[in-house]
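Participant: sequence plus predicted model, see below.
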Amino acid sequence: MWALMMVLVMSIYLAQVGEAWQNRIQRTKEEDLVRMGLEIKTAIKRYSENNIGDNPQTAYPKTLDDLVQDPRVPFPKRYLRKAYKDPITGEDWLYLNAPGGGFMGVYSKSLQKPLKSANFPEDLTGFAEAKSYQDWRFAHWPNRGGGGRR
């Protein structure tokens with residue numbers, strides 16, 4: 001009977017440790033999502049501000065690779081270190097289409113509910129009401145400033 005009781009107590013303890021570990025992993029992925037999303041948003045802003053010839057067809061990147069190496073110039077010009085994957089899903093980001101072609105922002109494919117619901121950077125305050133990670137939109141909105149939910 002004593003051994004059975006010990007097994008029960010240990011399994012309850014291990015279940016709680018596993019849940020805490022899962023929350024820690026998800027919080028780390030959320031931090032990465034915000035960090036990478038903001039880096040991509042800044043890179044899109046810089047890319048669009050450096051539009052060669054003011055051509056609306058080339059004002060925005062077509063893929064993240066365009067931010068790693070600007071195809072509009074013959075010399076190396078980088079706005080982003082590497083083409084990040086979505087840290088929540090491990091897959092490619094979904095794109096927010098830009099006027100004139102290309103994309104002006106990214107967001108996750110994940111429909112999972114975020115753990116974080118407060119203490120976002122000033123330009124991401126709309127994230128507090130997000131129902132899923134898909135609602136966390138990182139975009140350079142022309143003539144509107146910041147990113148966040150729109």
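Facilitator: Good, I have the coordinates.
Participant: after the lowest-mean-pLDDT helix or strand in the chain comes which helix or strand?
Facilitator: Lowest by mean pLDDT, DSSP states H and E among the helices and strands of the chain is helix 2-49, with a mean of 89. Sequence-wise, the next helix or strand downstream of helix 2-49 (DSSP states H and E) is helix 64-68.
Participant: now that following helix: mean pLDDT?
Facilitator: The average pLDDT within helix 64-68 is 95.
Participant: what helices or strands is that helix leaning on?
Facilitator: Under the contact definition 3 or more CB pairs under 8 Å, 6 or more residues apart in numbering; DSSP states H and E, helix 64-68 sits against helix 2-49. For glycine as for every other residue, the C-beta is placed from the backbone atoms N, C-alpha and C.
Participant: by contact count, what packs against the helix it packs on?
Facilitator: The contact analysis (3+ CB pairs under 8 Å, 6+ apart) places helix 2-49 against helix 64-68, strand 103-107, strand 138-139.
Participant: and that helix, how far from the chain's centre?
Facilitator: With CA atoms, centre = their mean, to the nearest Å as the basis, helix 2-49 stands 15 Å off its chain's centre.
Participant: now the angle between strand 103-107 and that helix, please.
Facilitator: 170 degrees (axes from the mean of the first three to the mean of the last three CA atoms, to 10 degrees).
Participant: quick check: residue 27 vs residue 76, distance?
Facilitator: Distance of residue 27 to residue 76, computed by CB to CB, to the nearest Å: 36 Å.
Participant: just the terminal-to-terminal distance for stretch 69-86.
Facilitator: Stretch 69-86 has an end-to-end distance of 19 Å (CA to CA, to the nearest Å).
Participant: thanks a lot, see you next time.
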